[in-house]
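[1] Here is the input, now give the coordinates:
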Amino acid sequence: MWQRRPSVVKTPCAKLLTMNRREFLKSAGAAALAAGMPEVLSAGERQKSAVGLAAPKLDKVRVGFIGVGARGSGHVEQMLLLDGVEVNAICDLYQDLADRSANACEQKGRKRPATYVNGKDEYKKMLQRDDLDIVIIATPWEEHTRMAVDAMNNGKHAFTEVPAAITVDQCWHLVETCEKTQKHCMMLENVCYGREELMVLNMCRQGVFGELLHGEAAYIHDLRGQMHDLPRGTGSWRTWHYIKRNGNLYPTHGLGPICQYMGINRGDRMDFLSSVSSNSRVREIYAKEHFPEDHQWRKAKFICGDINTTIVRTVMGRTIMIQWDEQLPRPYSRLNLIQGTKGVWGGFPDRIVVEGKTSTEGWQQGRDLQTWYDAYDHPLWKKVASDPANQGGHGGMDFVMLWRIVYCLRNGLPLDQDVYDAASWSVISPLSEKSVANRGRSLDVPDFTRGKWQTTKPLGIVS
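    Predicted coordinates for the structure are as follows:
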């Protein structure tokens, strides 16, 4: 168990609680509410918060990569397009993948980075280098936390693919380490940098939808085909999660933007959740239809429900629905719906209703949305997406995300996403698993900021 930070809960409707975990668990009914509750430390033991963390300016951002398969190799290629970036080291389990990204550096006229390929712990040797400022981690989910923690403990800023963690303790470990080292720990939630999501954030900040009351987030993506990614593709490790776990396994793509719209961890926070899953059916059907009788996927027992629905209520009384489905035959969607007292935006397809400006009898969508984009397109998107160096990557959002990270590091600015976002967005997975296993029983969402959410300003509209 990781050492825990002070557990102080302040809400408009609750008195101040300063009891430690053991005392709290003794109180009536506390066992059902104790998920992720941190232990209390004395004032002398408290670490500095990472809220608003701004590291010293970097004249040049020197990067090391851990994992350069399908996702990581794309990050290498995008980073090579940015000014002020130097790729110095690459680590992977496979020599050919490491060489592919190292060759890409040379093809762009850069020096060839050192490569590390001798096993799962080889990255630790790479982290001992003194010519790395940041490390980008794009490995299987279960490796993200330990690699990010090791990076920070070795004096590097950690940038990890999603999710940042898959257990409650891992979430706390990231927070503790970031606070101790005062090194950035950011989850690379690229969807927060999509054109639509940035525009809707701008609209929310300008009050277009009034007081925000409800959001709907999802990751609906038929990924059954990944089961063929053997022996070393994404499906080689990701498929095992569907065999061992039952809940929302991948919440952050839809949830991240909704949390930014609502100011989660910045004026509000997620309070508690309840989660249910459907039966598990289609992966077993798919395995029988596409793999021979003696194949490991034919022998496997899939337990993860084909669709999971999680409902969150925030301290300030807002609600968020989060759905996950990576297997049913259904078009891709992240939902991206935000409802306020004056109107609503919905994604997939994009559509809007604003009282007094559109009819409330039907959606305004399609070509009629151009006037909204003209008025509210985010200045960051307008500046960076049109950069000739932008080679796309999920519609351009990958480039905008990496551009913004490098810009913040070189100018000594706080990042748009911090370790508290990484923890609170990722913790939905393990809490949903616990709730599903207990008939949808509600569970508290830990306050990783330890009360700092009350005084932290929402993410602004940067130019």
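[2] the strands in the stretch 101-250 of the chain, which residues?
    All strands of the stretch 101-250 of the chain, identified by DSSP state E, counting those that start in this stretch, fall at 114-116, 134-137, 157-160, 185-187, 212-220.
[3] Between these, which one is closest to Ile264.
    Nearest to Ile264, of all these, is strand 212-220, at 9.5 Å by C-beta to C-beta. For glycine as for every other residue, the C-beta is placed from the backbone atoms N, C-alpha and C.
[4] what packs against that closest one?
    helix 252-262, strand 319-325, strand 337-340 (3 or more C-beta pairs under 8 Å, 6 or more residues apart in numbering; DSSP states H and E).
[5] which residues make contact with that strand from outside it?
    With C-beta atoms under 8 Å, 6 or more residues apart in numbering as the test, strand 212-220 has contacts from 204, 250-255, 257-258, 261-262, 318-326, 328, 330-341, 346.
[6] quick one: pLDDT of Asp59?
    At Asp59, the predicted lDDT confidence score is 97.
[7] what are the ranges of the helices in the stretch 101-250 of the chain?
    123-126, 144-153, 168-181, 195-205, 234-244 (DSSP state H, counting those that start in this stretch).
[8] will you turn the helices and strands packed on strand 212-220 into TSV that also has mean neighbour count?
    Listed next are these as TSV, based on neighbours: other C-beta atoms under 10 Å:
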stretch	mean neighbour count
helix 252-262	27
strand 319-325	21
strand 337-340	22
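[9] Poorly predicted segments of the protein, please.
    1-46, 392 (pLDDT under 70).
[10] tell me the domain ranges of it?
    The chain breaks down by automatic domain parsing into domains covering 9-43, 61-188, 192-391+418-454.
[11] ok so, going back, distance to Leu402 and mean neighbour count added to the helices of the stretch 101-250 of the chain, as CSV?
    Output for the helices of the stretch 101-250 of the chain, formatted as CSV (distance: least, C-beta to C-beta, whole Å; neighbours: other C-beta atoms under 10 Å):
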stretch, distance to Leu402, mean neighbour count
helix 123-126, 20, 20
helix 144-153, 17, 24
helix 168-181, 20, 23
helix 195-205, 15, 22
helix 234-244, 21, 17
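[12] okay, these in JSON lines with distance to Lys111 next?
    Formatted as JSON lines, those follow (distance: least, C-beta to C-beta, whole Å):
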{"stretch": "helix 123-126", "distance to Lys111": "16"}
{"stretch": "helix 144-153", "distance to Lys111": "22"}
{"stretch": "helix 168-181", "distance to Lys111": "28"}
{"stretch": "helix 195-205", "distance to Lys111": "34"}
{"stretch": "helix 234-244", "distance to Lys111": "30"}
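[13] Quick one, which of the ones you listed gets closest to Arg450.
    When the helices of the stretch 101-250 of the chain are ranked by proximity to Arg450 (C-beta to C-beta), helix 168-181 comes first, at 9.0 Å.
[14] how many neighbours does Ala102 have?
    Using other C-beta atoms under 10 Å, Ala102 is surrounded by 23 other residues.
[15] Now that it has come up, it's in contact with Lys111, right?
    No. Counting by C-beta atoms under 8 Å, Ala102 stays clear of Lys111, with 9.9 Å between them.
[16] Out of the domains of the chain, which gets nearest to Ser463?
    domain 192-391+418-454 (4.3 Å).
[17] what's stretch 88-100 in contact with?
    So stretch 88-100 is in contact with 62-69, 72-73, 76, 101-102, 113-117, 119-120, 122-123, 126, 129, 131-132, 232, going by C-beta under 8 Å, 6+ apart.
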